[in-house]
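Asker: Here is a sequence with its predicted model. Questions after.
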Amino acid sequence: MENNQPVVASDVHTKQTKKQLFWEIFRFLLVGGTATVADYLVFWLFDGWILPLLPFSGKAWDIVALVIATAIGFGVGLLVNWVLSVRFVFRDVRNKEEAASKKSFFLFTVIGLIGLAITELGVVLLVELLPDITLFGSTEFFRTAWTKWFAKMIMTCVVLVFNYTGRKLLIFKS
């Protein structure tokens, strides 16, 4: 018996065009920028305002506070990124339901946690290795050391490439 059902575009695996890939990367960067703003705002809120209120001090506390502020900011950024990625970035995927599933969110989170580990390690190392940075006559920007901001920016760029590659290969396959 012959199947006379029409072939639907979503049923056919088509390769992503260069134009589609360009716009996907553009949307990824736009969404990543939005998630990064959320990450940095939460990081700044914790590093500059909330954690300094706690009754701890010393070099060890400075490192712990940096790790806490980085992790909370990263977590908020990850959540913003997931919501916007599913809705806006990865439009040309083979299976949209699978891409937005709990399994995909789990993979998205695992990739994010690996990215967080890379970020945490890099930020702590860079803050320790970089000299104090003074810009505009101050070593701080909004109550957070310039060195921390620069370390965070450097690691954001590194992890951006890791996140896109991991998510594209494992979750949002085209």
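Answerer: Great, that's in hand. Numbers count the residues shown, from 1 in each chain.

Asker: Give me the pLDDT for the spatially most central residue of the chain.
Answerer: The chain has residue 78 as the residue nearest its centroid, 5.3 Å off, counting by Cα atoms, centre = their mean. In this model, residue 78 is scored at 86, pLDDT.

Asker: for the one 4 residues further on, same thing?
Answerer: Among the per-residue scores, residue 82 holds a pLDDT of 83.

Asker: hey, which helix or strand in the chain has the poorest pLDDT?
Answerer: None of the helices or strands of the chain scores lower by mean pLDDT, DSSP states H and E than helix 96-99, at a mean of 67.

Asker: helix or strand right after it?
Answerer: As assigned by DSSP states H and E, the chain's next helix or strand after helix 96-99 is helix 102-129.

Asker: on contacts alone, who are the packing partners of whichever helix or strand comes after that following helix?
Answerer: Later in the chain than helix 102-129, the nearest helix or strand by DSSP H and E is strand 140-141. Applying 3 or more Cβ pairs under 8 Å, 6 or more residues apart in numbering; DSSP states H and E, we find strand 140-141 packed against no helix or strand. Any C-beta I mention is one placed from the backbone N, CA and C, and that applies to glycine too.

Asker: Adjacent strands (with direction) for strand 140-141?
Answerer: strand 144-145 (antiparallel) (DSSP bridges).

Asker: Distance from the chain centre to the partner strand, please.
Answerer: 21 Å (Cα atoms, centre = their mean, to the nearest Å).

Asker: Without its sequence neighbours, what residue ends up closest to residue 131?
Answerer: Excluding the flanking residues, the one nearest residue 131 by Cβ to Cβ, 6 or more residues apart in numbering is residue 147, at 7.7 Å.

Asker: Now do the contacts for the one you found.
Answerer: Residues near residue 147 by Cβ atoms under 8 Å, 6 or more residues apart in numbering: 126-127, 130-133, 139.

Asker: Same list (those) but as CSV, adding neighbour count.
Answerer: Compiled in CSV, these are given as follows (neighbours: other Cβ atoms under 10 Å):
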residue, neighbour count
126, 17
127, 18
130, 15
131, 6
132, 8
133, 16
139, 11
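
Asker: Looking at those residues, spot the one nearest residue 64.
Answerer: Nearest to residue 64 among the contacts of residue 147: residue 127, at 12.6 Å, using Cβ to Cβ.

Asker: I figured the closest one hits residue 65, correct?
Answerer: No - between residue 127 and residue 65 there is no contact, the gap being 11.2 Å when judged by Cβ atoms under 8 Å.

Asker: what about residue 63, distance to residue 128?
Answerer: As judged by Cβ to Cβ, to the nearest Å, residue 63 and residue 128 stand 8 Å apart.
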